[in-house]
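Trainee: Sharing a model that was predicted from the sequence below.
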Amino acid sequence: QVQLRESGGGSVQAGGSLRLSCAASPITSKTSCMGWFRQAPGKEREGVASILVSISSSNYADSVKGRFTISRDYAKNTLSLQMNSLKPEDTAMYYCAAGYRGSDSYCYGYWGQGTQVIVSS
């Protein structure tokens, strides 16, 4: 089993920044794809960003392109999501994910417990 633990959520005003982190253990082939999803109240969970180890390829939802950056620190076994120019519509529970890469380029299989992000206008 892969365990994922998120941190770094919080409250921020529109235009501000937050950095989310996800610690993964153990590191196996099951963590070759890692990424982030989010779910706002009353909405379905949606993919935000993903990164595939084998080809160092990253993928972003159109709504966050140019504002969010996903990165992975292999030495520390962590995944990060730097979120800049935050908007109220970014308010959601953010989940770290790992596993296989789906046809939509996001990662499926294992989930963290989530970390809350609130952006006020």
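Mentor: Everything's here; your move.
Trainee: residue ranges with poor pLDDT in the protein?
Mentor: For the chain, the stretches flagged by pLDDT under 70 are 29-30.
Trainee: quick one: the strands in it?
Mentor: Using DSSP state E, the strands found in the chain span residues 3-7, 10-13, 18-25, 33-39, 46-52, 57-60, 68-73, 78-83, 92-101, 107-111, 115-120.
Trainee: most neighbours per residue, which of those?
Mentor: strand 33-39 (a mean of 24; mean count of other Cβ atoms under 10 Å). Placement of C-beta: from N, CA and C, glycine included.
Trainee: Walk me through which strands that strand pairs with, and which way each runs.
Mentor: Strand pairing for strand 33-39, using DSSP bridges, gives strand 46-52 (antiparallel), strand 92-101 (antiparallel).
Trainee: can you tell which of those is closest to residue 71?
Mentor: strand 46-52 (7.4 Å; Cβ to Cβ).
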